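> How does the following fold in three dimensions:
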Amino acid sequence: ISLKLTVCAVLAIFLLTGCNSLQQEVTQALELRRSVLEAQGCSFDATITAEYDDVFYTFQMSCRSDQTGMLSFTVTDPETIAGISGTISRERSALSFDDKILAFPLLANGELTPVSAPWIFLSALKGGYLRGYSESEDSFSLYIDDSFEEDPLHLEIELDEETMPVSAQIIWQDRRILSLQIKNFTIL
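Just a heads-up that it's a prediction; the model follows:
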């Protein structure tokens, strides 16, 4: 009888500890979302990789969002397109260069445009369905479901030990199409 009682006690402690860990991770994820929603905005630098069939494109952007969901960006690398800036919101998107503004769709040739990646990431972080998480020694990942143009989007957002985003993978039409490496994520 004492062996059964010991096993039950150990199992109960294990289950209760696991539940506390789960609750802490979910609380941290929801706290990040609340902070981003209540803030005046956020800023971050992103290295974006777009994967279209066998072709990869990589570039860097400096991004800043406001409380309304408008994201402003400036391309910082590669040098050939550095300085191009623009804005993206749910209603419209536009590029600015040489004192001209060019409207552009977030879909081109049936694919999500690479420049849309930071906006998609923030939009999902703010309002997507938090479907789960996983954790490792020094970080944990959030799994968020959202949609774009009525097609499902799935995001995996990795957070560091301070619960700040450091990367995001965007899966659309059952394949990873956009990846972000995020630096200097700051809630304003």
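> C-alpha from now on. contacts and neighbour counts both.
Fine.
> And the strand or helix carrying Ser167, what does it pack against?
If you go by DSSP states H and E, Ser167 is part of strand 165-172. Using 3 or more CA pairs under 8 Å, 6 or more residues apart in numbering; DSSP states H and E as the contact criterion, the neighbours of strand 165-172 among helices and strands are helix 117-127, strand 151-159, strand 175-187.
> Would you convert these into JSON lines that also reports mean pLDDT, mean neighbour count and distance to Val26?
As requested, these are arranged in JSON lines below (pLDDT from 0 to 100; neighbours: other CA atoms under 10 Å; distance: least, CA to CA, whole Å):
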{"stretch": "helix 117-127", "mean pLDDT": "93", "mean neighbour count": "21", "distance to Val26": "14"}
{"stretch": "strand 151-159", "mean pLDDT": "92", "mean neighbour count": "20", "distance to Val26": "12"}
{"stretch": "strand 175-187", "mean pLDDT": "94", "mean neighbour count": "19", "distance to Val26": "19"}
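> Tell me which of those sits nearest to Thr49.
For Thr49, the closest of those is strand 175-187, at 5.1 Å, according to CA to CA.
> Report the angle between the closest one and strand 165-172.
150 degrees (axes from the mean of the first three to the mean of the last three CA atoms, to 10 degrees).
> can you map out the helices along this protein?
Taking DSSP state H, the helices of the chain run over residues 2-38, 117-127.
> ok, of those helices, where does mean pLDDT dip lowest?
The stretch with the lowest mean pLDDT among those is helix 2-38, at a mean of 64.
> Any figure for the gap between Tyr57 and Val36?
From Tyr57 over to Val36 the distance is 29 Å, taken as CA to CA, to the nearest Å.
> Show me which of the two is the more surrounded one.
Neighbour totals were compared for Tyr57 and Val36, and Val36 leads with 21 against 11 (other CA atoms under 10 Å).
> need the contact list for the more buried one.
Under the criterion of CA atoms under 8 Å, 6 or more residues apart in numbering, the neighbours of Val36 are Cys42, Lys126, Ile187.
> Give me the residue at the spatial middle of this structure.
Relative to the mean C-alpha position of the chain, the nearest C-alpha, by CA atoms, centre = their mean, is the one of Phe121, at 3.5 Å.
> Would you check that that residue makes contact with Ala168?
Yes - Phe121 lies in contact with Ala168 (CA atoms under 8 Å); the separation is 7.1 Å.
> where do the contact lists of the two overlap?
Contact criterion CA under 8 Å, 6+ apart; residues shared by Phe121 and Ala168: Leu155.
> Paired strands for the strand holding Ser167, with orientation please.
Strand 165-172 has the following sheet partners, assigned by DSSP bridges: strand 151-159 (antiparallel), strand 175-187 (antiparallel).
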